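>>> Compute the structure for the input listed below.
(2 chains)
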Protein chains: 2
Amino acid sequence: MIRKFTSGSPVETGAVTLALQAENMLDFPFVNSFESGEFTFCFSMRDGDIVYGLGESVRGINKRGWIYESYCSDDPFHTESKRSLYAAHNFIMLSGSADFAVFVDCPARVRWDIGYTKTDETKITICSADFDVYLITGGKPPELVREFRAAIGKSYVPPFWAFGYQQSRWSYHNAEAVDRVIEGYNRANIPLDCVYLDIDYMQSFKDFTVNEAAFPDFKSYVFAKRKQGIHLIPIIDAGIKKEDGYDVYDEGIKNGYFCKNADGTVFEAGVWPGVCAFPDFLRPEVRSWFGSKYQYLLDMGIDGFWNDMNEPALFYSAKGIGEALDEAVEAKGKNLDLGGFFHIKDVFTGLSNRQEDYSSIYHSIDGRLVNHQSVHNIYGAGMTRAAGDYFAEVCGEEKILMFSRASYVGAHRTAGIWFGDNHSWWSHILMNLKMLPSANMCGFLYCGADLGGFNDNATRDLVLRFLALGVFTPLMRNHSALGTRDQECCNFEKTEDFRDVIEVRYRLIPYLYGIFKKARDQNDMIFRPLSFDYPSDKIARECETQLMLGDDCMIAPVYEQNASGRTVYLPEDMRLLKLSGRRVESIELQKGLHYIDVALNEVPLFVKKGKKIPLCQPALRTRDLDVDNLEYV
Amino acid sequence: MIRKFTSGSPVETGAVTLALQAENMLDFPFVNSFESGEFTFCFSMRDGDIVYGLGESVRGINKRGWIYESYCSDDPFHTESKRSLYAAHNFIMLSGSADFAVFVDCPARVRWDIGYTKTDETKITICSADFDVYLITGGKPPELVREFRAAIGKSYVPPFWAFGYQQSRWSYHNAEAVDRVIEGYNRANIPLDCVYLDIDYMQSFKDFTVNEAAFPDFKSYVFAKRKQGIHLIPIIDAGIKKEDGYDVYDEGIKNGYFCKNADGTVFEAGVWPGVCAFPDFLRPEVRSWFGSKYQYLLDMGIDGFWNDMNEPALFYSAKGIGEALDEAVEAKGKNLDLGGFFHIKDVFTGLSNRQEDYSSIYHSIDGRLVNHQSVHNIYGAGMTRAAGDYFAEVCGEEKILMFSRASYVGAHRTAGIWFGDNHSWWSHILMNLKMLPSANMCGFLYCGADLGGFNDNATRDLVLRFLALGVFTPLMRNHSALGTRDQECCNFEKTEDFRDVIEVRYRLIPYLYGIFKKARDQNDMIFRPLSFDYPSDKIARECETQLMLGDDCMIAPVYEQNASGRTVYLPEDMRLLKLSGRRVESIELQKGLHYIDVALNEVPLFVKKGKKIPLCQPALRTRDLDVDNLEYV
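Numbers count the residues shown, from 1 in each chain, chains lettered A, B, ... in the order given. Presented below is the predicted three-dimensional model:
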């Protein structure tokens, strides 16, 4: 059962598609209070209760013991300290002494104190007086999720080829660099379906342009790559370069499509292109204009996009940098003491993504001027919606690959997400694993992490172990940052190990695609915590290093460096399939704890007793997969 | 067997006490080369080989798969990305296809590429032409460590009371704040032996001064606390405030005791007190002068110290900040583009601990001017040596507690170490656990981490689980940073759980003290990787979440949030002792994998079959422990 409670006049977020009559807030069945324009409500937790939810965020599947904030943030340091990542996924669910789920539909900041201040209490603070809250009851977590998912509408389905292996880097600067990657994979016989174009493919970082020196005759190039079975996936950023004569900027200015300052002038901030203006994605006419801009690249033969920097990320504002420089000039004359030093250092280090700058942005909603802070969390989702609506109109379903960095529930219907700028850290294998079921709860089925880690240098073994998790994630993309070690599989020693792992993916694609479509159709999760399936098994209930996959399988990747295997818990008798290239080894294991050997070129998959899973023969491209000839193992 | 190879004219570091005849570098049995003043040597590794060593550093007990650098660094973000922490512990050891250990005795930077660039090769680069390298062969890791330890001399032993529980915070600003902590612990009946005084007890952060407004009649106060069984442990920093009339500064200037610039003027940089000068701890007369300064606090009744900021940490130099401000002034006139913005931001964020500043420091060794970079890693150890030599002379053995942040092998004879400014992260429980055997290898027996985590906010459960590891570390100190959540045990809900855990420590002190002394006398380790004891047990060999403790025990702390227990591997039949306050539960377990329940107020300890361990009755102070009345469980 799902109930809706409305306070004030909420902004339409597009999150919920189910029409529901709002109930009176006086009937809201949680202890609550309004104070200084913020609404707070609480529920208590008993020992052993689990709190699920919050989608893309740090820490455990069980979110107890921390304060999280829904506030889409461009923050590349995903440590346990963080409260916010790129997304705002306002869904949580208690399981144990009581079972219910809550969805806060509000694009302003929401704070979730889940047993941090008081160990036995969850306190949710909505930084707005205008919101909807949905309460879902009647059933255990799997049913609660299904009911929520039914209310928010069916998840996005990408094209089939988007289940292939994808290689990215910031940046392949020109066609030669892209070709080198493809040739490297071809030479090593490692399957590959997509190569990404990060910001440098553009002319001066301008959306919907191509640097012609780097990619001469881009259209022919795209089609030539497609002939080889390779899709090129360009990045699109939220900020539009301020440059007279640049059509997108000129049109935006002419039509008043950009976000404003309080005084009605265009809000500007520095991002990759330097000073930018920001489309007001909250307005339907702006979305429809911005969506149509993708046509430029569709015309070139492009059929996949990743939307980035749409929290929106703000490197600096003119105001911020001006104030900082003023302070520096003033400090110059003085004998800086310690406080003065730390102050000036903090001023410069704090220039990006300043709250003060966000607070100075205004949107226009139905003619009203609305401060950005009250709608911050749907800005990126608005960008995705702009593109998604356009693609649905001109391309049809399941034709275009798209995923976004910033997201809000509702965007799951038109795009996937990736988990942003993680690190080449062993700890991030588990962190990203834990995000998968939480993202699924919110409808984001097409998702995955930067395999091998985006920031910092990866080691060969880390990339292999990360890939062995990525074999199961719908988005299987290796991505790394400028200045880090080359992270393409073909650039490491003994490439045959990488081929063995990625071939396992291709063998599994028919199966994984089937699980994906079924989860989509039935409003189900692809990845579930073991506790969903074995709620009375104490070890399973707390297990956060393994996940259920579809109806019949369990995954348990190796996540420690220099480990030749791992300990795994089987909540029932299962078969361990060790998959490696064309090789399949099947080992019967009984319920309980086991140590399993997993070589660097092996992918472990656990299959429930009596179940079999289909494998096809590997191929270098998804289009070459013989999906009708399946072997059941 | 230990062999010594000498290149050039190494600076005397004091690391090795054993007199050995140096062999000719031409007989050095590793592939090696000299290039641009750097010496590189390599050895190969087979699959399954383990590389131990490097003392205090991030990542695993097995160091394979990363590049580390010995370069004492004030870096509070202990992530997998880091190459250097506060210490330079130049000992590594290969185990597997061959068994040998290497100690690089050189105070300049040393780079350890342990299978990062090439997975099967370790490449060690000494950034100097003057060094000793020791090669130890003949035996397995336990014997290799003992032979190394015999060569570097016996480890420091602190006073018995230093095994008590210790509470710290940056900062207890005055006597009232200290009293509140003691009263809080007394009221909750939680044992406590020490309270720390961080930088704010000083007058304007000046070493060997006391802020009399905050601590009026400090001497009486110290003695009054001592009567209550509480030792106050003040911090001492490396930098001396530049202030005419401040005796330490004046004496240093008058006698030319401070480090210099190339032009012979005093090197100055900003640290806590603002602009500071830095004693040249490499000179015997400076050490003897600086050591004698501790007498000021000894006279007040102080008998414990922690030496900090002695890498040395440099917040900023006049040159650095001047250049930064100049750049800012220049930028002010321009229209900053993206590159300009990132440049100016980087200039300000990079002001602390600049390589350029370190390179401008000069020491005087035997009358020669020596650049800091060639001796960087013994600067902090020199500070410790200054104090240690003085204490040995005037106080005698085992009278003074002292530990340091920066360290180098050799300092283990006069002091302990703590593992620096960690975070209140669950992942840091394991990171700090893994440092313990590595630090022990280098002779640092009295060591431990900031329990509960220094930076960022802790949760109640994190502090309890961290303490349950700390129960076994010789230094058991809870420490946290200014601005973070109160982390004293008495400030959390249900303090009885904290009492239960800390009482376990006090019950174990006679046993732990015995293990400590034995390890010291026999040049042995307190904490060992399981692989040392079970080299042919594959699971034990790779286990990095459990440690052997002394001869008879194994520890396996819970390190995951919201877990009510953990999986543990027993390499032989053992008894699980669940210790909690005065309660002892004993559970026989067979060799193999087990899931064990561990409540938040319980400390698990595994005891080998047929062995018993002694417990005394708990007390609120170590002085009240009845160590003659032991119960064997």
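>>> So which bits of the lengthiest helix in chain A are buried?
Secondary structure of chain A read by DSSP state H shows that its longest helix is helix A:495-521. Buried residues in helix A:495-521, defined by neighbour count with 16 or more other Cβ atoms under 10 Å in any protein chain shown: A:495, A:497-513, A:515-516, A:519-520. Every C-beta, even on glycine, is put in place using the N, C-alpha and C of the backbone.
>>> What of stretch A:136-145?
A:136, A:137, A:141, A:144, A:145.
>>> Can you report how many residues lie near the residue nearest to the first one when sequence neighbours are not counted?
Which is residue A:136. Sequence neighbours aside, residue A:101 is the residue nearest to residue A:136 in space, at 4.2 Å (criterion: Cβ to Cβ, 6 or more residues apart in numbering or on different chains). Around residue A:101 there are 24 other residues, counting by other Cβ atoms under 10 Å in any protein chain shown.
>>> quick one: whatever helix or strand residue A:101 lives in to chain centroid distance?
Using DSSP states H and E, the element containing residue A:101 is strand A:100-105. What separates the centre of strand A:100-105 from the centre of its chain is 20 Å, taken as Cα atoms, centre = their mean, to the nearest Å.
>>> and what of stretch A:437-457?
Here the centre of stretch A:437-457 is set off from its chain's centre by 5 Å, with Cα atoms, centre = their mean.
>>> coming back round to it: isn't the residue nearest to residue A:136 right next to residue A:146, touching?
No. Using Cβ atoms under 8 Å, residue A:101 is not in contact with residue A:146; the gap is 10.5 Å.
>>> Quick check: residues of the stretch 151-300 of chain A near chain B?
Contact residues, the stretch 151-300 of chain A versus chain B (Cβ under 8 Å from any Cβ of the partner chain): A:270, A:272, A:273, A:274.
>>> Quick check: of these, which lies closest to residue A:605?
residue A:272 (40.1 Å; Cβ to Cβ).
>>> ranges for the strands of the stretch 201-350 of chain A?
For the stretch 201-350 of chain A, applying DSSP state E, counting those that start in this stretch gives strands covering A:231-237, A:240-241, A:268-271, A:274-277, A:304-308.
>>> Backbone dihedrals for residue A:113, please?
phi -90, psi 100 (degrees, to the nearest 10).
>>> Give me the distance between it and chain B.
11 Å (Cβ to the nearest Cβ, to the nearest Å).
>>> just residue A:620 next, same as before
With distances taken as Cβ to the nearest Cβ, residue A:620 is found 26 Å from chain B.
>>> which stretch of helix or strand covers that residue?
Residue A:620 is part of no helix or strand, with elements assigned from DSSP H and E.
>>> Give me the neighbour count for it.
22.
>>> if we can go back for a sec, mind checking how far the longest helix of chain A is from the chain centre?
The answer for helix A:495-521 is 19 Å, by Cα atoms, centre = their mean.
>>> cool, stretch A:28-47 as well?
29 Å.
>>> now what about that stretch, what contacts it?
The contact list for stretch A:28-47 (Cβ atoms under 8 Å, 6 or more residues apart in numbering or on different chains) reads A:5, A:7, A:51, A:64, A:94, A:96-98, A:115, A:120-129, A:131, A:133, A:135.
>>> ok so, going back, please flag which of the buried residues of stretch A:136-145 sit within helices.
Within the buried residues of stretch A:136-145, residues falling in helices by DSSP H are A:141, A:144, A:145.
>>> so the first one sits right up against residue A:51, yeah?
So the one you mean is residue A:141. No. Taking Cβ under 8 Å as the definition, residue A:141 is not a contact partner of residue A:51, at 10.7 Å.
>>> residues shared between the contacts of these two?
Joint contacts of residue A:141 and residue A:51 (Cβ under 8 Å, 6+ apart) are A:93, A:95.
>>> quick one: contacts for residue A:238?
With Cβ under 8 Å, 6+ apart, residue A:238 has these contacts: A:271, A:278-279, A:281, A:307-310, A:312-313, A:379-380, A:383.
>>> all helices of the stretch 101-250 of chain A, in order?
A:141-152, A:175-187, A:218-227, A:247-255 (DSSP state H, counting those that start in this stretch).
>>> if we can go back for a sec, among the buried residues of stretch A:136-145, pick out the one closest to residue B:403, please.
residue A:141 (48.0 Å).
>>> Now for that closest one: which residues touch it?
Counting by Cβ under 8 Å, 6+ apart, residue A:141 has contacts A:52, A:93, A:95, A:99, A:101, A:531, A:532.
>>> The second one: what secondary structure?
Spelled out, that is residue A:93. Assigned by DSSP: H, G, I helix; E, B strand; the rest coil, the conformation of residue A:93 is strand.
>>> And the pLDDT at it?
pLDDT recorded at residue A:93 is 98.
>>> So if we follow the domain assignment, how does chain A break up?
Following the assignment in automatic domain parsing, chain A carries domains at A:2-152, A:424-633.
>>> Output these as a markdown table; include the columns distance to residue A:192.
A markdown table is the format used below for the domains of chain A (distance: least, Cβ to Cβ, whole Å):
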| stretch | distance to residue A:192 |
| --- | --- |
| domain A:2-152 | 26 |
| domain A:424-633 | 7 |
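>>> picking that back up, among the contacts of stretch A:28-47, which ones are buried?
Among the contacts of stretch A:28-47, the ones that count as buried by 16+ other Cβ under 10 Å are A:5, A:7, A:51, A:64, A:94, A:115, A:122-129, A:131, A:133, A:135.
>>> Please flag which of those sit within strands.
A:5, A:7, A:51, A:94, A:122, A:123, A:124, A:125, A:126, A:131, A:133, A:135 (DSSP state E).
>>> Taking the residues you listed, tell me the two that lie furthest apart.
A:7 and A:51 (23.0 Å).
>>> Of the buried ones among the contacts of stretch A:28-47, which ones also sit close to chain B?
Answer for the buried ones among the contacts of stretch A:28-47 near chain B (Cβ under 8 Å from any Cβ): A:64, A:115.
>>> can you pull up the bridge partners for the residue in the stretch 151-300 of chain A positioned nearest to chain B?
Minimum separation of the stretch 151-300 of chain A from chain B (Cβ to the nearest Cβ) falls at residue A:274, amounting to 5.0 Å. Beta bridges link residue A:274 to residue A:271 when assigned by DSSP bridges.
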